[in-house]
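# Any chance you can model this:
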Amino acid sequence: KLKQLGVNFVKIKVPKTPNHAYVNFRNEEDKEKGLKLLTGWSFRGNRIEVSHAKPATDILFRTGKPKKNDNKREHPAENPADADLPDEVKIQNSATPLWNLSYAEQLAKKSTIVQEFLGGLEQKIKDTR
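Numbering: from 1, shown residues only. Now for the predicted structure:
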């Protein structure tokens, strides 16, 4: 029906309670034209009331309390020792931390990391018994 009236809208949002709806427009001109055309219009025996609604806040820009695990996403402070390194070396350090070690050294280091992790896991399992 809105298209027949010449209202140029993007989408219509109808909430769970169908006593109102939100109509999204692409630009201000279309919004003003739609507001003028729909004011006082009758649909299914009901007179339409039109008003400008505030835009919803974008999910990405909502402010609030940081979540419990959000500290993982924060970038750690730069290591002062790395400040004088070239960007290429910084990238290699962040992408492949053991790039400057030989393959045997990499395997040994990874092996100790896994053994430490499994030791901690074993301790947690013993504590839960």
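# domain assignment for this structure?
The chain breaks down into these domains under automatic domain parsing: 2-47, 77-128.
# so where is this protein shaky, pLDDT-wise?
Scanning the chain for pLDDT under 70 picks out the ranges 1-6, 8, 10, 43, 52, 55-81.
# top helix in it by residue count?
In the chain, taking DSSP state H as the definition, the longest helix is helix 103-128.
# From residue 21, how far out is residue 46?
Residue 46 sits at a distance of 12 Å from residue 21 (criterion: CB to CB, to the nearest Å). Any C-beta I mention is one placed from the backbone N, CA and C, and that applies to glycine too.
# Tabulate the domains of the chain in JSON lines, adding columns for mean neighbour count and distance to residue 53.
JSON lines is the format used below for those (neighbours: other CB atoms under 10 Å; distance: least, CB to CB, whole Å):
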{"stretch": "domain 2-47", "mean neighbour count": "11", "distance to residue 53": "6"}
{"stretch": "domain 77-128", "mean neighbour count": "10", "distance to residue 53": "43"}
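# now the ones you listed in CSV, with distance to residue 54?
CSV is the format used below for those (distance: least, CB to CB, whole Å):
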stretch, distance to residue 54
domain 2-47, 11
domain 77-128, 38
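# ends of stretch 95-106, how far apart?
Across stretch 95-106, the terminal residues are separated by 15 Å (CA to CA, to the nearest Å).
# Run through who's touching it.
92-93, 109-110 (CB atoms under 8 Å, 6 or more residues apart in numbering).
# just to revisit the earlier point, quick one: the longest helix of the chain to chain centroid distance?
Mean C-alpha position of helix 103-128 versus that of the full chain (CA atoms, centre = their mean, to the nearest Å) differs by 34 Å.
# Also stretch 15-23?
Offset of stretch 15-23 from its chain centre (CA atoms, centre = their mean): 26 Å.
# just stretch 38-57 next, same as before
Taking CA atoms, centre = their mean, one finds stretch 38-57 lying 31 Å from the centre of the chain it belongs to.
# Okay, and the nearest residue in space to residue 82 that is not next to it in sequence sits in which element?
Nearest in space to residue 82, with sequence neighbours left out and distances taken as CB to CB, 6 or more residues apart in numbering, is residue 90 at 6.1 Å. In this assignment (DSSP states H and E), residue 90 forms part of helix 87-95.
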